[in-house]
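Q: prediction below, plus the sequence it came from.
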Amino acid sequence: MAPRTIKVDALVVGGGIAGMQSALDLADQGYQVALVEKQPSIGGKMIELSKVFPTLDCCSCITTPKMSAVAHNSNIQLFTYCDIQSVDKQGDGRFVAQVIQKPRYVDIETCTACRQCEYACPIDLPHPFDQNLGVHRAIYVPFSTAVPQKALIDIDNCILCGKCERVCPVGCVDFTQQPEELAIEATAIVLATGFEITPTDAKAEYGGGKLLNVVNALTVERLLAPTGPYGHVLRPSDGKEPDSIAYIQCAGSRDKSLGVEYCSRICCMYAIKQSMLISGALPLADIAIYYMDIRTFGKGYDQFYQTAKAMGVQFIKGKVAKITEDENQNPIVRVELIDEGSQVVERQHDMVVLSVGMVSKYDPRTIYDVNVAGDGFVDTPLTNVSPCVTSRPGVFVSGSAAGPMDIVDSIVMAGAAAAEAAAYIQATGPNGHGGGRSIAAGEEKELAHA
Amino acid sequence: MTDKKEDTKNRAAMLKSLREKHKETVEKTQALLKHNQSIRKQIRQAMQSGPMTVPEVAEATGLPSDRVLWHVTAMKKYDLVREVGMSGEYYQYELAQKENQ
């Protein structure tokens, strides 16, 4: 049987903030959009965060309405928990993506996310959403503000005991579900595949991921979030409320040994933000930020830095050489204090946070036939004139799939990618009037010289 | 009534055949469940004496404190323990009334 075919103007790949914004910006102009996300919920990295810099607005309060807007927009068809297998260009110039809808083993139409199944399930598993410090059950609703707000079964960690099925009040558990094939036909594609953080175990000098109280910054976001695993800022080795917390800047960026030579552009600001939030949560805690140089280049960012200094956050110039731990699992930081006569000291803290960088998450070459740059992110050959244009006409890039950037820049780029995609659809698509900018022809010429 | 019986029988047969199909992961997860149940038993026994901090439970059970914290976090999420104030730099937890495992 031929797979179900969905015909749209634009296919947006990735349901993080950049993908959601591009989808909304296209949909609000009247274009039909299919948004495909591989996770069971949209929201991306942003929904994991506690607050945003430099306004300290609650992240969930900004992201959740966007997630709902995507789900309820009549011009957007949302496909979560889906994998795109291949993308081909048809004779009419339109793309066709072959998509696999993975089985949730729960009927999405009838599930009310009452979570009775989750309470009945006997299997506790580390929850990646909480950086594995929290738990979910083998059947679970991904997180409290997930969209769609529906349960799914982690079949690889399920004993098939059937308890969930017995307690479900609407009978939506369905162990017989199979993967479903879909085809999505679109004139333009927007890649919003996001980023990954530098693995915490990347640097042996920093404990190689083995020191329990050396955590990455995304873990601290979860500790600070009201929906976090502990509900408080506690250290993972024993649940102690930390008195002394250190941030190690550039712990995954500007580091040739990791092959990440670039600045990730967000780490200084998130470290400053988190230090301010921890000061609020733990007013007596000492917070030190070990840095090479502080980069606060955005609107209102430097004032934010000055505020953190005024709040008593210590900024210490020095690149941390090594982190070890004492017998009580307190991390010990070895650092040269550049502003104090370059003396080398060892300082003990209760918890150390690695300000890890942004690295590319997904290689789009095989499926989308676009080039990637030397840093692994999607290549944008016309960076200065059309920063969302990729090496392939009709495929655009949005947000951190193109390189390290913060939420503000991701949203700006998402709008730009939507505008570029809209112009392309107008110029080339079956519903286009042909009066739009002739992007394809122009770009192909420009790209040939790039 | 017969229909209901038939349904239950079919359902059980379906689950059994699925368990066979996913044999490897089911066995792995069953071993994990057994391991976790034994840890939970030790934690619950330690906490019978009243509110305790994570290091106190770790000391009483001989389990690593990070594992105790993870299990207490899980039990708290599913309402099996609750937080009851602080003792020094640590939160104290006690078994919830509806403890049912």
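A: Yes, it's here.

Q: could I get the contacting residues of the residue nearest to A:Val99 when sequence neighbours are not counted?
A: Leaving aside its sequence neighbours, A:Val99 sits nearest to A:Leu182 (CB to CB, 6 or more residues apart in numbering or on different chains; 4.3 Å). (Glycine included, C-beta is placed from N, CA and C.) By CB atoms under 8 Å, 6 or more residues apart in numbering or on different chains, the contact set of A:Leu182 is A:Pro3, A:Arg4, A:Thr5, A:Ile6, A:Phe79, A:Cys82, A:Gln98, A:Val99, A:Ile100, A:Gln101.

Q: try 6 Å
A: A:Leu182 makes contact with A:Pro3, A:Arg4, A:Val99, according to CB atoms under 6 Å, 6 or more residues apart in numbering or on different chains.

Q: the nearest residue to the second one once chain neighbours are set aside: which element?
A: Residue nearest to A:Arg4 in three dimensions, not counting chain neighbours: A:Leu182, with 5.4 Å by CB to CB, 6+ apart. Assignment of secondary structure by DSSP states H and E places A:Leu182 within strand A:180-186.

Q: any idea where the strands of chain B begin and end?
A: In chain B, the strands defined using DSSP state E lie at B:52-53, B:81-87, B:90-95.

Q: quick one: those strands as CSV, columns for mean pLDDT and mean neighbour count too.
A: Conversion of the strands of chain B to CSV gives the following (pLDDT from 0 to 100; neighbours: other CB atoms under 10 Å in any protein chain shown):
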stretch, mean pLDDT, mean neighbour count
strand B:52-53, 98, 24
strand B:81-87, 95, 14
strand B:90-95, 98, 20
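
Q: the longest helix anywhere in chain B and chain A in contact?
A: Taking DSSP state H as the criterion, chain B has its longest helix at helix B:23-47. Yes: using CB under 6 Å from any CB of the partner chain, we find that helix B:23-47 touches chain A at B:Thr25, B:Val26, B:Thr29, B:Gln30, B:Leu33.

Q: just the buried ones from those?
A: The neighbour count (16 or more other CB atoms under 10 Å in any protein chain shown) marks B:Thr25, B:Val26, B:Thr29, B:Leu33 as buried among those.

Q: A:Phe175 reaches B:Arg19, doesn't it?
A: No: A:Phe175 is beyond contact range of B:Arg19, at 9.9 Å (criterion: CB atoms under 6 Å).

Q: what residues does chain A put near chain B?
A: So chain A meets chain B at A:122-124, A:135, A:156-157, A:159-160, A:162, A:175, A:212, A:229, A:236-241 (CB under 6 Å from any CB).

Q: switch the cut-off to 8 Å
A: With the criterion set to CB under 8 Å from any CB of the partner chain, chain A comes near chain B through A:118-119, A:122-124, A:126, A:133-135, A:137-138, A:155-162, A:165, A:175-176, A:212, A:229-232, A:234, A:236-241, A:243.

Q: most neighbours, which of the contacts of A:Leu182?
A: A:Val99 (23 neighbours; other CB atoms under 10 Å in any protein chain shown).

Q: for that residue, name its beta-bridge partners.
A: A:Ile84, A:Leu182 (DSSP bridges).

Q: look up how far chain B lies from it.
A: 24 Å (CB to the nearest CB, to the nearest Å).

Q: so that residue makes contact with A:Thr80?
A: No: counting by CB atoms under 8 Å, A:Val99 stays clear of A:Thr80, with 11.4 Å between them.

Q: just confirm A:Leu218 is within a helix.
A: Yes: under DSSP: H, G, I helix; E, B strand; the rest coil, A:Leu218 sits within a helix.

Q: from memory it sits against A:Glu48, does it?
A: Yes: in this structure, A:Leu218 is within contact of A:Glu48 by CB under 8 Å, at 6.6 Å.

Q: mind telling me what element A:Asp238 is part of?
A: Using DSSP H and E, no helix or strand contains A:Asp238.

Q: please name the nearest non-neighbouring residue to it.
A: B:Ser65 (3.9 Å).

Q: what does B:Gln42 give?
A: That would be B:Thr61: by CB to CB, 6+ apart, it lies 4.4 Å from B:Gln42.

Q: any idea how far the spatially closest residue to A:Gln116 that is not a sequence neighbour is from A:Arg115?
A: Distances taken as CB to CB, 6+ apart place A:Val167 nearest to A:Gln116, at 4.9 Å, with adjacent residues excluded. As judged by CB to CB, to the nearest Å, A:Val167 and A:Arg115 stand 10 Å apart.

Q: run through the residues that contact the one residue in the stretch 51-200 of chain A that gets nearest to chain B.
A: The minimum distance from the stretch 51-200 of chain A to chain B, using CB to the nearest CB, falls at A:Val135 (4.1 Å). Applying CB under 8 Å, 6+ apart, we find A:Val135 in contact with A:Asp124, A:Leu125, A:Pro126, A:His127, A:Pro229, B:Trp70, B:Thr73, B:Ala74, B:Lys77.

Q: checking it next. Helix, strand or coil?
A: Applying three-state DSSP: A:Val135 is strand.

Q: any buried residues in stretch B:47-56, and which?
A: B:Met47, B:Pro51, B:Met52, B:Thr53, B:Val54, B:Pro55, B:Glu56.

Q: hmm, who's touching stretch A:34-42?
A: A:6, A:8, A:10-16, A:19-20, A:23, A:47, A:67, A:70-71, A:76-84, A:97, A:99, A:104, A:142-143, A:146-148, A:150, A:152, A:184, A:186.

Q: okay, now A:Val372: neighbour count?
A: Burial of A:Val372 is recorded as 17 neighbouring residues (other CB under 10 Å).

Q: for it, give the beta-bridge partners.
A: Taking DSSP bridges as the rule, A:Val372 bridges to A:Val378.

Q: returning to what we had before: which single one of the residues of helix B:23-47 next to chain A is nearest to A:Thr428?
A: B:Thr25 (46.5 Å; CB to CB).

Q: so the closest one touches A:Asn157, yeah?
A: Yes: contact criterion CB under 8 Å: B:Thr25 and A:Asn157 qualify, at 7.0 Å.

Q: tell me which helix or strand of chain B sits lowest on mean pLDDT?
A: The weakest-scoring helix or strand in chain B, judged by mean pLDDT, DSSP states H and E, is helix B:2-21 (a mean of 84).

Q: mind listing what's buried in it?
A: Across helix B:2-21, burial judged by 16+ other CB under 10 Å covers B:Leu15, B:Leu18, B:Arg19.

Q: same question, stretch A:19-36
A: A:19-27, A:29, A:31-36.

Q: from the residues you listed, pick the one nearest chain B.
A: Of all those, chain B sits closest to A:Val36, with 26.5 Å by CB to the nearest CB.

Q: still on that earlier bit, closest one to A:Ile62 among the strands of chain B?
A: strand B:81-87 (28.7 Å).

Q: show me what that closest one is packed against.
A: Counting contacts by 3 or more CB pairs under 8 Å, 6 or more residues apart in numbering or on different chains; DSSP states H and E, strand B:81-87 is packed against helix B:65-77, strand B:90-95.

Q: partners of that strand, with directions?
A: Going by DSSP bridges, the partners of strand B:81-87 are strand B:90-95 (antiparallel).

Q: and the angle for the strand it pairs with with helix B:23-47?
A: 100 degrees (axes from the mean of the first three to the mean of the last three CA atoms, to 10 degrees).

Q: list the contacts of residue 56.
A: This is for chain A. A:Lys273, A:Met276, A:Leu277 are the contacts of A:Leu56 under CB under 8 Å, 6+ apart.

Q: my question was about chain B
A: Contact analysis of B:Glu56 by CB under 8 Å, 6+ apart lists B:Ala46.

Q: again, 10 Å this time
A: B:Ala46, B:Met47, B:Ser49, B:Ser65, B:Val68, B:Ser87, B:Tyr90, B:Gln92, B:Tyr93 (CB atoms under 10 Å, 6 or more residues apart in numbering or on different chains).

Q: which of those lies closest to A:Ala281?
A: Out of those, the member with the shortest distance to A:Ala281 (by CB to CB) is B:Tyr90, at 15.8 Å.

Q: that closest one bridge partners, please.
A: Assigned bridge partners for B:Tyr90, using DSSP bridges, are A:Lys240, B:Ser87.
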